[in-house]
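[1] turn this into a model:
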Amino acid sequence: MVSMSLDMSTTCIGWSMWEDDNLLDYGKLKPLEDKLEWRERIQNFVPQLHNLMKKYMPSKVYCEDVPLMGRQNKVLVQLGAMQGMALGLCYSHNVEVYFKAVGTWRKDIGISCGEKDRDHMKIKSIEKANELFGLNLNCVLTKSGNYNGNKSDDDIADSILIYASTRDKYKVEQKHFGRR
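    This is a model prediction of the structure:
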């Protein structure tokens, strides 16, 4: 049974294909035209995702859920529209879709560690995907040492780790410290 995992934004979609615990393929989708308005970018993704679904025929799709805290209203609207697009596309392909909260999948895979800085979390995601799956995903830093998200593969890494976080094989055992 093939599953698909998506990390979606209106500028890039990281995707990965799985058969049980085995990573089959991965990549990222970008809008095919430059300078599109965000709604047009979402529309531009539909045929690209449709073609991936036709090629791999997944029976399940896993997506990062829209984070409701710490976001501007515009970002929530855009991510909600992406989620709606994914739901509609999955429905048209008769595919089950599941959403996993960003804090939950990061904790399950062992990269949350209370970190709040988005760029640092993206770096940790790339490092974790490379470590777990022997990949060489790009993590590009600027000359001043800042994270460069435009040239890095964090969208791919996140899509891989979203699915991996659903599999016992990759979950990090949560340690509970306290009194007995």
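
[2] check contacts around the closest residue in space to Glu127 that isn't next to it in sequence.
    Once flanking residues are discounted, Glu127 sits nearest to Cys139: 7.0 Å by C-beta to C-beta, 6 or more residues apart in numbering. All C-beta spots, glycine's among them, are computed from the backbone N, C-alpha and C. By C-beta atoms under 8 Å, 6 or more residues apart in numbering, Cys139 lies in contact with Ile123, Ile126, Glu127, Tyr147, Ser152, Asp153, Asp154.

[3] whichever of those residues end up buried, select them in ChimeraX.
    A single ChimeraX command selects the buried members of these (16 or more other C-beta atoms under 10 Å):
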select :123,126,147,152,153,154
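
[4] mind giving me JSON lines with the contacts of Cys139 and columns for pLDDT and distance to Gln43?
    Output for the contacts of Cys139, formatted as JSON lines (pLDDT from 0 to 100; distance: C-beta to C-beta, whole Å):
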{"residue": "Ile123", "pLDDT": "88", "distance to Gln43": "32"}
{"residue": "Ile126", "pLDDT": "93", "distance to Gln43": "29"}
{"residue": "Glu127", "pLDDT": "93", "distance to Gln43": "34"}
{"residue": "Tyr147", "pLDDT": "71", "distance to Gln43": "29"}
{"residue": "Ser152", "pLDDT": "86", "distance to Gln43": "26"}
{"residue": "Asp153", "pLDDT": "93", "distance to Gln43": "25"}
{"residue": "Asp154", "pLDDT": "93", "distance to Gln43": "24"}
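
[5] let me see the ranges of the helices in the protein.
    38-56, 73-92, 102-109, 118-133, 154-164 (DSSP state H).

[6] single out the most deeply packed of the ones you listed.
    Here the criterion is mean neighbour count by mean count of other C-beta atoms under 10 Å, and of those the winner is helix 154-164, at a mean of 27.

[7] show me what that helix is packed up against.
    Judged by 3 or more C-beta pairs under 8 Å, 6 or more residues apart in numbering; DSSP states H and E, helix 154-164 is in contact with strand 2-8, strand 13-19, strand 22-29, strand 60-64, helix 102-109, helix 118-133.

[8] okay, the angle between the fifth one and helix 118-133?
    In this case it means helix 102-109. For helix 102-109 against helix 118-133, the angle by axes from the mean of the first three to the mean of the last three C-alpha atoms, to 10 degrees is 40 degrees.

[9] please report the distance of Gly27 from Gly103.
    Applying C-beta to C-beta, to the nearest Å, the value for Gly27 to Gly103 is 26 Å.
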